[in-house]
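Participant: A structural model of the following input is requested.
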Amino acid sequence: MSGDDLYLLHQDGRVTICTLSQMKEVPTRCADPAMYVDSRPEYQSGTTIAGALFTQMSFAGLPDLSLYLFEPNTYAVYRFSPRPDSLIFQQQFQAMVEQRRTLFSAPATAMAISPNRYIFLSIGNQVYFATDVP
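Facilitator: Model prediction:
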């Protein structure tokens, strides 16, 4: 939840965004599925992100409201700007290939975002973190 918006993450990586209406005359509206707006040259906007199967999401509040989605297969965290009908890609956070090869010997299982915007990843029986995350 974020304000009057509800974000639902589906098993296939799609997201549904519903905006609750406080007025009887205006129905609650849902974007199902919501669009991922991805302006990177090698990607296309759509209802999924190529090569990503998100399993978890987390909000970080103001001043820069962000929705973080976790992709455990690549040990990656994606940051999006949420809108009522879409998610606008901002950044992807991921360890370098050599770090993934030498440090990560087990599947990634969970992600958390702290109030000061540190990213925490649970991998096997270890917790890794990244700082300086917007």
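Participant: mind checking pLDDT for the residue lying farthest from the centre of the chain?
Facilitator: Most distant from the centre of the chain: Glu25, at 32.5 Å, with distances by Cα atoms, centre = their mean. Here, the pLDDT recorded for Glu25 equals 86.
Participant: Tyr75 too?
Facilitator: The model reports Tyr75 with a pLDDT of 92.
Participant: surely it touches Thr109?
Facilitator: No: assessed by Cβ atoms under 8 Å, Tyr75 is found out of contact with Thr109, at 10.7 Å. (Each C-beta comes from the backbone N, C-alpha and C, glycine too.)
Participant: tell me, what's touching the two both at once?
Facilitator: Common contacts of Tyr75 and Thr109 (Cβ atoms under 8 Å, 6 or more residues apart in numbering): Ile123.
Participant: comparing those two, which residue is more hemmed in?
Facilitator: Tyr75 (20 against 13; other Cβ atoms under 10 Å).
Participant: not counting sequence-adjacent ones, nearest residue to that one?
Facilitator: Excluding its sequence neighbours, the residue lying closest to Tyr75 (Cβ to Cβ, 6 or more residues apart in numbering) is Ala108, at 4.9 Å.
Participant: all helices of the protein, in order?
Facilitator: Listed in chain order, the helices of the chain (DSSP state H) span 97-103.
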